[in-house]
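S.K.: with the input below, show me the fold.
(one chain, ligands or ions: 1)
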Amino acid sequence: MFGFSEKTNLIERKETEYPLQDVKEPNLFRNLFPYDEPPKIAFNHRLVPINMPDEIWITDTTFRDGQQSREPYEIKHILKIFDYLNKLSGPKGIVKQSEFFLYSKKDQDAVYKCLEKGYEFPEVTSWIRASTKDFSLVKGVGLKETGVLVSCSDYHIFYKLKMTRKQALEHYLSIIKECIDAGIKPRCHLEDITRADFYGFVVPFVRELMKLMEETGFPIKIRACDTMGYGISIPGTALPRSVPGIIYGLNHHARVPSELIEWHGHNDFYRAVQNSSTAWLYGSSSVNCSLFGIGERTGNTPLEAMVFEYAQFRGTLDGMDPTVITEIADYYEKEIGYTIPPRTPFVGKEFNVTRAGIHADGILKNEEIYNIFDTNLLLNRPVKVSITNTSGISGIAHWINDYFGLKEDQAVDKKHPLVIKVKEWVDQEYEGGRVTAIGDKELEKIVVEYSRKVGFNL
Ligand SMILES: CC(C)C(=O)C(=O)O
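M.R.: Presented below is the predicted three-dimensional model:
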């Protein structure tokens, strides 16, 4: 790992108490969330130290948050995706866990079948309604950990639960105790933490959870859920929106060790990836993601993005095989029927496709000029040039070489008669009013036709 020294997660400090502030009226942070205007970002210029844990990892919510936002996967899909996650995770298990619903017989069957595979990673965990019956269900299925919803903003406490903060805190504690009594490790999903009163509710509540952890010896995970995507990663922003502030505060004021902190982000303001990286950087070991970011509304943090964030932070993929990401994308498109938006980083059809002639010219000289990394090696996706009116003669030469696999002596350059003929055809198309890109199959036909005319063997 670069630039981060060995350290303990919890620094020595004097005990500071954060009593619960049992307010009469909800604190809706109207200065930040006026509702009839876009939300606001406030700065208090407080900087907290970067504190990346010695171990970081990814957890998966494809089958929970991911599935709740789309039509359910068939069991065969779940099993195949689970295989892929295992393969991607590598021997070190960087994709550590995956969470599953247990509501229906189908959900439970999927869990049993994934467990039968006997994989160490990802570990199967559950997501349940917090009730005695559901805790015994988790136990019965043989899972060790479950997610429990403990919504923490006043939006949820006052308006959804219709409770006071004190009532909510007591209610949540009793549920978590029940979970522990049932012998299951709780993972507390602090829903809507980026709109919650951090010192008035979150810290006092999480302190109680940490006391319970000390008393019972049961690890209690704290998942910080940025339910509406309001989190801000910029240093010096004020709580409750500050991701560095939330992670630092959980770690140092609520005393949660890094390995028990997890960030769960949403992408409503395009910040999911950045916020998850920030969570890692400021002391959360775990970031919760879903494949292709499929999740409620605008989605979650894309898991594949965090594979590459991991590699960039750590300087190594640590055994993860990123070519599996391409296999998963193909599987989603061909077998599940999900269309990945073409410009999606790492997986969209166009993510490493260039159209502009000037870029194609660069690629022809040396592909590193316009490719983010060796996408062929790391993702099994060679850099591509797609032909339009702006592709130019170099773009056409690159397309022909790539499409027909022409290498070295065989490769055509921009002076080749075939390339010149095809370029004339492309120009005529656009001069004639064409506005669409030229598809691979269409161009293949034209190239084959002109190769005969110029006597070039493809
Ligand atoms: C339902 C909760 C836990 C969640 O997924 C979120 O807050 O985004």
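S.K.: rest of the way, CA atoms for contacts and neighbours
M.R.: Will do.
S.K.: for the protein, what lies in contact range of the ligand?
M.R.: 65, 149, 189, 191-192, 225-227 (Cα under 6 Å from any ligand atom).
S.K.: of those - the most surrounded one?
M.R.: D226 (26 neighbours; other Cα atoms under 10 Å).
S.K.: so which of the residues of the chain next to the ligand is the closest to V383?
M.R.: D65 (32.7 Å; Cα to Cα).
S.K.: ok, now how distant is the closest one from N300?
M.R.: 8 Å (Cα to Cα, to the nearest Å).
S.K.: intersection of neighbour lists for these two?
M.R.: Shared contacts of D65 and N300 (Cα atoms under 8 Å, 6 or more residues apart in numbering): 290, 294.
S.K.: show the contacting residues for T194.
M.R.: By Cα under 8 Å, 6+ apart, the contact list for T194 reads 153, 225-231, 239-242.
S.K.: got a winner among those residues for most neighbours?
M.R.: Going by other Cα under 10 Å, G231 tops the contacts of T194 with 32 neighbours.
S.K.: domain assignment for this protein?
M.R.: 46-320, 353-453 (automatic domain parsing).
S.K.: flag the shaky bits of the stretch 1-150 of the chain, pLDDT-wise.
M.R.: 1-16 (pLDDT under 70).
S.K.: make it 80
M.R.: Scanning the stretch 1-150 of the chain for pLDDT under 80 picks out 1-16, 129-131.
S.K.: contacts only, for the residue of the stretch 51-200 of the chain at minimum distance from the ligand.
M.R.: Here the residue of the stretch 51-200 of the chain nearest the ligand is E191; by Cα to the nearest ligand atom that distance is 4.0 Å. By Cα under 8 Å, 6+ apart, E191 lies in contact with 149-153, 224-227.
S.K.: skipping adjacent residues, who's closest to it in space?
M.R.: S151 (4.2 Å; Cα to Cα, 6 or more residues apart in numbering).
S.K.: how close does that neighbour get to G229?
M.R.: 15 Å.
S.K.: what about I81, is that helix, strand or coil?
M.R.: helix (DSSP: H, G, I helix; E, B strand; the rest coil).
S.K.: if I look at the nearest residue to it once chain neighbours are set aside, how far off is R165?
M.R.: Take I81 and drop its neighbours on the chain: the residue closest to it by Cα to Cα, 6+ apart is I328, 7.1 Å away. Per Cα to Cα, I328 is found 43 Å from R165.
S.K.: out of these two, which sits in the more crowded spot?
M.R.: For I328 versus R165, neighbours defined as other Cα under 10 Å are more numerous around R165 (24 against 20).
S.K.: give me the element E262 is part of.
M.R.: strand 261-264 (DSSP states H and E).
S.K.: partners of that strand, with directions?
M.R.: Using DSSP bridges, the strands paired with strand 261-264 are strand 221-225 (parallel), strand 286-289 (parallel).
S.K.: mind checking how far it is from the chain centre?
M.R.: Centre-to-centre, strand 261-264 and its host chain are 12 Å apart (Cα atoms, centre = their mean, to the nearest Å).
S.K.: likewise for stretch 230-245?
M.R.: With Cα atoms, centre = their mean, you get 19 Å for stretch 230-245.
S.K.: start and end of that stretch, how far apart?
M.R.: End to end - Cα to Cα - stretch 230-245 spans 13 Å.
S.K.: now do that stretch, average pLDDT.
M.R.: Averaging pLDDT along stretch 230-245 gives 98.
S.K.: and the closest residue to E333 other than its chain neighbours, what's its pLDDT?
M.R.: Once flanking residues are discounted, E333 sits nearest to T339: 5.7 Å by Cα to Cα, 6+ apart. pLDDT, T339: 97.
S.K.: returning to what we had before: out of the strands paired with strand 261-264, which gets nearest to D54?
M.R.: With distances scored as Cα to Cα, the stretch of these nearest to D54 is strand 286-289 (11.5 Å).
S.K.: okay, that closest one in CSV with CA atoms only?
M.R.: Below are the C-alpha coordinates for strand 286-289, written out as CSV (Å, rounded to 0.1, in the frame of the first residue of the first chain):
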residue,chain,number,x,y,z
SER,A,286,-15.8,-1.9,3.7
VAL,A,287,-17.7,-0.4,0.8
ASN,A,288,-21.0,-1.9,-0.2
CYS,A,289,-21.7,-2.0,-4.0
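S.K.: shift numbering so it begins at 36
M.R.: Noted, 36 is the first residue going forward, which turns the last one into strand 321-324.
S.K.: buried ones in that strand?
M.R.: Across strand 321-324, burial judged by 16 or more other Cα atoms under 10 Å covers 321-324.
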